[in-house]
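K.L.:
Following is a predicted model, sequence given first.
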Amino acid sequence: DTGVSQNPRHKITKRGQNVTFRCDPISEHNRLYWYRQTLGQGPEFLTYFQNEAQLEKSRLLSDRFSAERPKGSFSTLEIQRTEQGDSAMYLCATLSRNNEQFFGPGTRLTVL
Amino acid sequence: GEDVEQSLFLSVREGDSSVINCTYTDSSSTYLYWYKQEPGAGLQLLTYIFSNMDMKQDQRLTVLLNKKDKHLSLRIADTQTGDSAIYFCAETGSGNTGKLIFGQGTTLQVKP
């Protein structure tokens, strides 16, 4: 257990539905990252926050994706109008002062 | 652009040493990381190295960095069946964002 938690661990939804994932970081870590991992690939960066400010978004993050980190604590990632191509593992990570990046267990999304 | 390459598969016998190799393209990367991922799980940080170092040892793990050739390796001594997993190399890339660029992962199979 790295101290980063994610909920839910699994989500099955129908195409066109909206889904929201939550990440609870290690409390003293200011930076929080979201990545997406598809089968057989390494994780790909989606976006990151420094406290509550969203500082960078990947071009992978289409208009259907939105992320928030109110009050600089937990973060949510919402996908609107899900598509089958959104099926993946969504990983959250936080950065320590020693530049160690710790990952949560991930949320596996399946879009039917 | 930023790119990280790894060989896809490595098979060793229990008790042998394993060497997993990685090449990267961004010479401005500050940190380079090795992660381990078991089936259905998140990423476990194994070790990382600062770019001005050329070697780091941590128990059975040895990381070698050749910055001139942009080559990183992870050596696992006395490999055990519990070491069977996918190993990812990652670099921080340019800028001070901390976002990670991952390779495709190397599947390590340890035969008894």
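P.N.:
Yep, that arrived. Numbers count the residues shown, from 1 in each chain, chains lettered A, B, ... in the order given.
K.L.:
Check what contacts the lowest-mean-pLDDT helix or strand in chain A and list those residues.
P.N.:
Least confident helix or strand, chain A: strand A:53-57 with a mean of 93, by mean pLDDT, DSSP states H and E. Outside strand A:53-57, the residues that touch it by CB atoms under 8 Å, 6 or more residues apart in numbering or on different chains are A:46, A:47, A:48, A:49, A:67, A:68, A:69, B:97, B:99. C-beta: built from backbone N, CA, C; applies to glycine.
K.L.:
Can you identify each of the strands in chain B by residue range?
P.N.:
For chain B, applying DSSP state E gives strands covering B:4-6, B:9-13, B:18-24, B:31-37, B:43-50, B:55-58, B:61-66, B:71-76, B:85-91, B:101-102, B:106-111.
K.L.:
Kindly report the same for chain A.
P.N.:
Along chain A, counting by DSSP E, strands occupy A:5-7, A:10-13, A:19-24, A:31-37, A:44-50, A:53-57, A:65-68, A:75-79, A:88-95, A:101-103, A:107-111.
K.L.:
Which one of those lies nearest to residue B:24?
P.N.:
Nearest of those to residue B:24, taken as CB to CB: strand A:44-50 at 14.9 Å.
K.L.:
Could you figure out how far that closest one is turned away from strand A:31-37?
P.N.:
Strand A:44-50 runs at 170 degrees relative to strand A:31-37, counting by axes from the mean of the first three to the mean of the last three CA atoms, to 10 degrees.
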